[in-house]
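Q: the sequence and its predicted three-dimensional model are supplied below.
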Amino acid sequence: MEFIVLLGTPLLGALTLGMLGGRRWAPEANVVFSLVTFFAACALTSRVVAHGNLSVGHEQFFVDAFNVFLVTLTAFVGLTTSLFSRPYMRIEAEHGRVTAGQLRLYHSMYQMFIATMLIALTTNNMGLMWVAMEAATLSTVLLVTLYRTPASLEAGWKYFILCGVGISQALFGTILMYFAAEKVLGSEGVSALLWTHLNSVKSQLEPSVLGLAFVFLLVGYGTKVGLAPLHNWLPDAHAEGPTPISAVLSGLLLNVAMYAVVRCKVLVEGSLHSTLPGRMLMGFGLLSVVLAAFFLWRQRDVKRLFAYSSIEHMGIIAFAFGMGGPVANFAALLHMTVHSLTKSSIFFAVGHATQKAGSQLMDNIRGLITLSPTVGWGLMMGTLAILGTPPFGVFASEFLILTTAMKQQPWATPILLLALGVAFAAIFGRVQSMVFGDTTAKRLPHPPALVPVFAHLGLVLMLGFFIPPYLADWYRAAARLIGGQ
Amino acid sequence: MNALSWDLQLLNTLAALLLLLSFAMLAQRRIVALVNLLALQGTLLFIATLLLAWRTGDHNLYISAGLTLGLKVIFLPWLLHRLIRRLGVYWDTEPLLNITGTMLVGVLVVIFSFGLAQPISALASTATRNSIGIAVAVILIAFLTMITRRKAMSQVVGFLSMENGLFFGAMSATYGMPMVVELGVALDVLVAMLVLGVFFFQIRDQFDSLDLKNFEALKEDQ
């Protein structure tokens, strides 16, 4: 029941808002749909906590410790982003950047995007997961190009083609996986693509085929995660679309893609009996961290700056999952959570800051602290959190990842530390001059939505001090499930 | 060694023709002809699927064949032709690498693909296992088409040709994916093309052209 509501609400929302999304009350309706989705996710979570794993619809969908917390996170950030987008899109409409028709498209596709991500997370069918991931790209392409500026069209085109090609590789990987599974499970029915079935026979799957499949799957879903060198679409798509979309792309889509990679890694590692998939993930992860850290210096657009920071953090997460083992997996899951919360809150603050300054160029954004102390402090705190300063949660997860790296992969630690240091210097210097400094800009017509910013940062702060026991249990259960080492 | 049955021979011929068409697409610069080649590729795929369905008696393959006919032979070429007429894009500019060079790279790609597909073919139990190498080659040549073209429209044709290769690969290796997945993939392709249609008009309104060399603004960090 909860499950049907969870997937049904955003789909219904997409339909309703597709027809009526241009009305005056559409932003509120968007919030209501997101709220119902969030409640359904909470109900589902409490049920999984009480009764263990859940399987729905002839095993086509399933919920376990690994995906249930991502479902809740997705629904939560979906809700807070809809709260943020309410005043944000109103202001955009008043500035004449979007018409009623574009708003309708925006609201409808926003709900559609949430729906596709929830399907990708909860489906048990590797093929359906692919379909949902591709649908997630398609539903956001027209949102990236919402403003119809030349730069946004280019960003949309890059996003469409690079992710399209990338995800085709993942389809080939999925075909290969099906091919290997069919030998063991038989082609009758569709059980040969169901993850739970694959997981139970993973040691019998043909290693040479699965090894090849993993290369394609990693490249394919890795493109969506934004792992270097396949990250080219990511900064453009984040910078040119409306800010609520940057927040959900960065906070949610990258997580969902990472989830797909990890699900595949579990199967392949079980079949190969070696750590090759883990090593590949570590390699891609480390490359992303280093590349992103140095590209951060060259950015002049504030949204591009934080988009590169997302690449960096996805690299850290990939590296941690690559190391494997209970501690590293735990840290990676925690990092996924805190990164998602922090990065979306930063984008909320950045969104209001750019609207105040009327520009995304960092040189034009000055003196946020005098203009609007809450936006200024929000951005400052968010930045400190994302850079891994204690006592925020990002510090806890990065600390865990670094100490595990020192034990298991000592060679990588100096590289990671260097990259983190470089990123710190690059981002902190820029943000400082944006927050402090003189300004002449005017106030905004609508009061900005700052509850989401501080709600997210509050949660991240709490996770830095204290992880609630049931959350820690989930993380541990999920970490065991992912295994490795 | 037994002589191959006629239907298997026909299937192999179709596979060879698919690869030949991929090369033709690699060399073709007229966009209308490119779309026609794509439609022809779709038709071959349709015949191959139908033949395989008849051979194996698999009902799902009949549905796949129907989907291929509707989507790849009729609807997508129609949509692309319509877009070409309304947007007035008939010729692609000189590819980034000249045609002879591209063809030579294409030959290398085919050799590489057969090497790559060798272990998979060895394990497959389907009658069509020898075509897996061809499917991989079609995918990679389509990829080559995409990266050597400048016009958005030719890149899209390359993208669809890649999808054809994937479909053919799934068919040769496992007689197709489960139905629910195939329907999903077909739906995604359909939606992708509709999104693209909208997208092309946006690009043209902004740039008065579909030439991707206009896309220079975001190059600073490559």
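A: Cool, the structure landed.
Q: need the longest helix for chain B.
A: Ranked by residue count and defined by DSSP state H, the top helix of chain B is helix B:179-207.
Q: what residues sit buried inside that one?
A: For helix B:179-207, the neighbour count (16 or more other CB atoms under 10 Å in any protein chain shown) marks B:179, B:181-182, B:184-190, B:192-193, B:195-196, B:199-200, B:202-204, B:206-207 as buried. Bear in mind the C-beta positions are built from the backbone N, C-alpha and C, glycine included.
Q: that one packs against which elements?
A: helix A:126-144, helix A:150-185, helix B:59-68, helix B:76-87, helix B:152-174 (3 or more CB pairs under 8 Å, 6 or more residues apart in numbering or on different chains; DSSP states H and E).
Q: and the angle from the longest one to helix A:126-144?
A: It stands for helix A:150-185. Using axes from the mean of the first three to the mean of the last three CA atoms, to 10 degrees, the direction of helix A:150-185 lies 180 degrees away from that of helix A:126-144.
Q: what angle separates helix A:150-185 from helix B:152-174?
A: 10 degrees.
Q: helix A:150-185 to helix B:179-207, inter-axis angle?
A: Angle, helix A:150-185 to helix B:179-207, by the same axes, to 10 degrees: 170 degrees.
Q: from chain B, how far out is the residue nearest to A:V201 when sequence neighbours are not counted?
A: Ranked by CB to CB, 6 or more residues apart in numbering or on different chains and with sequence neighbours excluded, the top spatial neighbour of A:V201 is A:V184, at 5.0 Å. Separation of A:V184 from chain B (CB to the nearest CB, to the nearest Å): 12 Å.
Q: who's in contact with A:V184?
A: A:V184 sits next to A:A192, A:V201, A:Q204, A:L205 when contact means CB atoms under 8 Å, 6 or more residues apart in numbering or on different chains.
Q: I'd like to know how many residues surround B:V107.
A: For B:V107, the count of nearby residues is 12 (other CB atoms under 10 Å in any protein chain shown).
Q: quickly find the element holding it.
A: Using DSSP states H and E, B:V107 sits within helix B:99-123.
Q: name the helices or strands packed onto that helix?
A: Using 3+ CB pairs under 8 Å, 6+ apart, helix B:99-123 sits against helix A:150-185, helix A:207-225, helix B:6-27, helix B:132-148.
Q: mind checking which of the ones you listed is nearest A:S55?
A: Nearest of the helices and strands packed on helix B:99-123 to A:S55, taken as CB to CB: helix A:150-185 at 16.8 Å.
Q: what's the average pLDDT for the closest one?
A: For helix A:150-185, mean pLDDT rounds to 87.
Q: what's the spacing between the residue most central in space within chain A and A:L118?
A: The centroid of chain A falls nearest to A:L252 when counting by CA atoms, centre = their mean (2.8 Å). For A:L252, the distance to A:L118 equals 10 Å [CB to CB, to the nearest Å].
Q: joint contacts of those two?
A: Shared contacts of A:L252 and A:L118 (CB under 8 Å, 6+ apart): A:T74.
Q: phi, psi of A:L387?
A: phi -80, psi 0 (degrees, to the nearest 10).
Q: residue contacts, it?
A: Neighbouring residues of A:L387 by CB under 8 Å, 6+ apart: A:V394, A:A423, A:F424, A:I427, A:F428.
Q: ok, of those, which come out buried?
A: Neighbour counting over these (16+ other CB under 10 Å) leaves A:V394, A:A423, A:F424, A:I427 as the buried ones.
Q: Throw those into JSON lines and include secondary structure, thanks.
A: Formatted as JSON lines, the buried ones among the contacts of A:L387 follow (DSSP: H, G, I helix; E, B strand; the rest coil):
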{"residue": "A:V394", "secondary structure": "helix"}
{"residue": "A:A423", "secondary structure": "helix"}
{"residue": "A:F424", "secondary structure": "helix"}
{"residue": "A:I427", "secondary structure": "helix"}
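Q: take those residues and write them to CSV, including pLDDT.
A: Formatted as CSV, the buried ones among the contacts of A:L387 follow (pLDDT from 0 to 100):
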residue, pLDDT
A:V394, 90
A:A423, 91
A:F424, 91
A:I427, 90
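Q: quick check, nearest of those to A:F466?
A: Checking the buried ones among the contacts of A:L387 against A:F466 by CB to CB gives A:V394 as the nearest, at 15.0 Å.
Q: which pLDDT value goes with the closest residue in space to B:L80 that isn't next to it in sequence?
A: Sequence neighbours aside, B:V35 is the residue nearest to B:L80 in space, at 4.6 Å (criterion: CB to CB, 6+ apart). Reported pLDDT at B:V35 in the predicted model: 90.
Q: can you report how many residues neighbour B:V35?
A: 25.
Q: need the helices and strands packed on helix B:99-123 in JSON lines with distance to A:A14, can you?
A: Putting the helices and strands packed on helix B:99-123 into JSON lines (distance: least, CB to CB, whole Å) gives the following:
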{"stretch": "helix A:150-185", "distance to A:A14": "19"}
{"stretch": "helix A:207-225", "distance to A:A14": "21"}
{"stretch": "helix B:6-27", "distance to A:A14": "36"}
{"stretch": "helix B:132-148", "distance to A:A14": "30"}
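Q: do you know which of these lies nearest A:T140?
A: Proximity to A:T140 (CB to CB) singles out helix A:150-185 among these, at 7.6 Å.
Q: what residues are up against A:E59?
A: Here A:E59 is in contact with A:N124, A:S191, A:L194, A:T196, A:H197 (CB under 8 Å, 6+ apart).
Q: please redo it, this time with the cut-off set to 6 Å
A: Taking CB atoms under 6 Å, 6 or more residues apart in numbering or on different chains as the criterion, A:E59 is in contact with A:N124, A:L194.
Q: host element of it?
A: Under the assignment here (DSSP H and E), A:E59 is part of no helix and no strand.
Q: now do it against chain B, distance only.
A: Separation of A:E59 from chain B (CB to the nearest CB): 12 Å.
Q: go on, A:L368?
A: 25 Å.
Q: the closest residue to that residue other than its chain neighbours - how many residues pack around it?
A: Among residues not flanking A:L368 along the chain, A:G376 sits closest, at 3.6 Å (CB to CB, 6+ apart). A count of neighbours around A:G376, defined by other CB under 10 Å, yields 21.
Q: what pLDDT does the model give A:G376?
A: Note on A:G376: pLDDT of 86.
Q: A:S345 is in contact with A:A455, isn't it?
A: No - at 8.0 Å, A:S345 does not count as touching A:A455 under the criterion of CB atoms under 6 Å.
Q: neighbour count: these two, which is higher?
A: Using other CB under 10 Å as the criterion, A:S345 and A:A455 rank with A:S345 on top: 31 against 17.
Q: for the host helix or strand of that one, what does the pLDDT average out to?
A: Assigned by DSSP H and E, A:S345 belongs to helix A:326-357. When pLDDT is averaged over helix A:326-357, the result is 90.
Q: mind giving me the packing neighbours of it?
A: Judged by 3 or more CB pairs under 6 Å, 6 or more residues apart in numbering or on different chains; DSSP states H and E, the packing partners of helix A:326-357 are helix A:65-94, helix A:243-248, helix A:302-323, helix A:373-386, helix A:393-408, helix A:451-465, helix A:469-482.
Q: mind checking those for the one nearest to A:A293?
A: Closest to A:A293 of the helices and strands packed on helix A:326-357 is helix A:302-323 (CB to CB; 5.9 Å).
Q: ok, and the closest non-adjacent residue to A:A120?
A: Nearest residue to A:A120 in three dimensions, chain neighbours excluded: A:A132, at 3.7 Å (CB to CB, 6+ apart).
Q: now swap in A:V266 and tell me
A: Distances taken as CB to CB, 6+ apart place A:I482 nearest to A:V266, at 5.9 Å, with adjacent residues excluded.
Q: rewinding a little: any idea how far chain A is from the residue nearest to B:L80?
A: To chain A, B:V35 is 18 Å away according to CB to the nearest CB.
Q: quick one: buried residues of the helix or strand where that residue lies?
A: Taking DSSP H and E as the criterion, the element that holds B:V35 is helix B:31-56. Buried positions in helix B:31-56, judged by neighbour count with 16+ other CB under 10 Å: B:31-32, B:34-35, B:37-53, B:55.
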